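Colleague: Below are the sequence and a predicted model; questions follow.
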Amino acid sequence: MLFGAKDRTEEIINLIWDRDEYYLVAAGKDAPSKQKVVEVATKYGVRLPEDYIAHATGHWGSPYLEVRAKIWPRHKAGDVGPFWSFLYGVFVYAYSAEAPDWMQIEGAADEFEKMGHKVLPILKVVGDADVYCIAPDGKIQRWMHEGDLFEPFEGGFFDLLEYEFKRLDDRRQKKKADVKANAGAAPQGD
């Protein structure tokens, strides 16, 4: 490709976007340079796909997207429920020092390195211990925390972003229906 990959992040966000139901933060003016992104990848021995570089260096790079708490009430300590009901957001690891520690790409990569894995973590579903990573060969894999195994993801970075954003939107719709159904339920007596 003559000019590299085109950033499709905004297009993918717009597939599900609803200002009243989602909260979104992205890199904006703090997006890293291509040089910074490649330096980080080199530090961890990973070759980056062009589509990921286009995303990471763009205005909409490293987004944090969550369903607003008014739509998806958050669980409290000790709450139980189906696994999906804890998965209210998605984020792409960030390069900016302004991002919270838990979103920092180098901190997450250091943790994988301590576990003996040479990967660059790129995307995580809030509430899920599994993490999508880029392997040294530039392929996307999902690290499965149970068993400490990697499973290949078939597709590129924008395929992954669209897949996880659409899954979040499916969960949002399911949660809205669940909250609506439970709002009409009579409280149980002792």
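Modeller: Okay, I see it. Quick caveat, the model's predicted, so the values are computed rather than measured. Numbering: from 1, shown residues only.
Colleague: who's in contact with residue 15?
Modeller: 162, 165, 166, 169 (Cβ atoms under 8 Å, 6 or more residues apart in numbering). To be clear about C-beta, it is placed using only N, CA and C from the backbone, and glycine gets the same treatment.
Colleague: Next, format those residues as JSON lines and append pLDDT.
Modeller: Output for these, formatted as JSON lines (pLDDT from 0 to 100):
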{"residue": "162", "pLDDT": "98"}
{"residue": "165", "pLDDT": "98"}
{"residue": "166", "pLDDT": "98"}
{"residue": "169", "pLDDT": "97"}
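Colleague: Could you pull up the residues touching the residue nearest in space to the middle of the chain?
Modeller: Closest to where the C-alpha atoms of the chain average out (Cα atoms, centre = their mean) is residue 91, at 3.0 Å. Applying Cβ under 8 Å, 6+ apart to residue 91 gives the contacts 62, 63, 64, 65, 103, 123, 124, 126.
Colleague: quick one: it is in a helix?
Modeller: No: under DSSP: H, G, I helix; E, B strand; the rest coil, residue 91 sits outside any helix and is assigned strand.
Colleague: For it, give me the pLDDT.
Modeller: With respect to pLDDT, residue 91 scores 98.
Colleague: what bridges to it?
Modeller: residue 64, residue 124 (DSSP bridges).
Colleague: quick one: it from residue 167, how far?
Modeller: 14 Å (Cβ to Cβ, to the nearest Å).
Colleague: what residues are up against the residue nearest to residue 126 when sequence neighbours are not counted?
Modeller: Of all residues not flanking residue 126 in the chain, residue 89 sits nearest, at 3.6 Å (Cβ to Cβ, 6 or more residues apart in numbering). Residue 89 sits next to 64, 65, 66, 67, 125, 126, 127, 168 when contact means Cβ under 8 Å, 6+ apart.
Colleague: go on, residue 105?
Modeller: So, once contact is read as Cβ under 8 Å, 6+ apart, residue 105 ends up touching 40, 93, 94, 95, 120, 121, 122.
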